[in-house]
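Novice: Sequence and predicted structure below; questions after.
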Amino acid sequence: MEADHNQGGNEIQEEFWVLRCQAGDETAFRQLYSRYKPRTFAFLKGLVKSVEAEDLNQEVWLTVYRRIASLTNATGFRMWLFQIARNRALDYFRQNKKLSELQEATQVSPEVGSEGQPFDAGEDQELKMRLRACLEKLSQRHREVLILSYLEGMDYEEIGLITGCSIGTIKSRMHHAKMKLKYLINIKIESYDKDE
């Protein structure tokens with residue numbers, strides 16, 4: 001119950017920051033930037049190489065800064081933000097004619113957790129490396145739904161709005177992503193056990 005109360009408080013505070021940004025409040029923009037910059041970076045890093053992800057993330061935030069006044073629904077900020085990030089990644093691939101790279105995109109950052117906070121240094125680094133290797137083998141579409149669902153906590157409807165896909169398509173992608181990830185993890189564990 002307390003977690004729900006805190007979540008509601010965060011949403012109200014975020015909506016307030018968006019409204020203040022729309023009124024030109026630089027401090028409110030810095031609050032949104034601090035909260036979401038690591039999360040948009042983790043999302044972009046899941047789609048493109050980390051060197052490009054940092055540059056794209058800066059472009060995303062410049063776009064947010066320039067266009068936030070045009071956002072008509074302050075409560076929809078998070079989905080709007082991730083649509084901008086996704087569109088910027090797609091523009092990058094189109095501009096650089098690297099659509100094949102989009103399908104082979106590198107990795108979800110294992111260094112950043114669900115709230116954009118660094119993972120605990122005591123966590124099993126080897127397990128994270130194996131998980132990263134498995135995630136790298138997933139298609140961009142599968143990684144995208146996993147990132148938005150598990151790292152960002154979005155529901156299927158929100159993911160559908162960001163990606164422009166129906167809820168049925170998102171459910172299907174999520175199912176296939178989980179099955180493929182489970183299969184890859186089991187193979188990695190089996191090969192790891194054989195190496196010992």
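Specialist: Now that the structure is in, tell me what you want to look at. Numbering: from 1, shown residues only.

Novice: Flag every buried residue along the longest helix anywhere in the chain.
Specialist: Criterion DSSP state H: the longest helix present in the chain is helix 167-195. With burial defined by 16 or more other Cβ atoms under 10 Å, the residues of helix 167-195 counted as buried are Thr169, Ile170, Arg173, Met174, Ala177, Leu181, Leu184, Ile185, Lys188. Bear in mind the C-beta positions are built from the backbone N, C-alpha and C, glycine included.

Novice: Just send these back as JSON lines, with pLDDT too.
Specialist: Shown next, in JSON lines, are these (pLDDT from 0 to 100):
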{"residue": "Thr169", "pLDDT": "93"}
{"residue": "Ile170", "pLDDT": "93"}
{"residue": "Arg173", "pLDDT": "92"}
{"residue": "Met174", "pLDDT": "91"}
{"residue": "Ala177", "pLDDT": "89"}
{"residue": "Leu181", "pLDDT": "84"}
{"residue": "Leu184", "pLDDT": "83"}
{"residue": "Ile185", "pLDDT": "78"}
{"residue": "Lys188", "pLDDT": "57"}
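
Novice: contacting residues around Ile167?
Specialist: Counting by Cβ atoms under 8 Å, 6 or more residues apart in numbering, Ile167 touches Tyr156, Glu157, Gly160.

Novice: from those, which would you call buried?
Specialist: Buried among the contacts of Ile167 by 16+ other Cβ under 10 Å: Tyr156, Gly160.

Novice: By mean pLDDT, point me to the weakest helix or strand of this structure.
Specialist: helix 99-103 (a mean of 45; mean pLDDT, DSSP states H and E).

Novice: give me the low-pLDDT residue ranges for this structure?
Specialist: Applying pLDDT under 70 to the chain flags residues 1-9, 50, 97-128, 188-196.

Novice: Check which helix or strand the spatially closest residue to Thr27 that is not a sequence neighbour maps to.
Specialist: Excluding the flanking residues, the one nearest Thr27 by Cβ to Cβ, 6 or more residues apart in numbering is Arg20, at 7.7 Å. Here Arg20, judged by DSSP states H and E, is contained in helix 2-22.

Novice: after that helix, next one along is what?
Specialist: Going down the chain from helix 2-22, the next helix or strand is helix 26-45, by DSSP H and E.

Novice: After that following helix, which helix or strand is next?
Specialist: Tracing the chain past helix 26-45, the next element assigned as helix or strand by DSSP H and E is helix 50-67.
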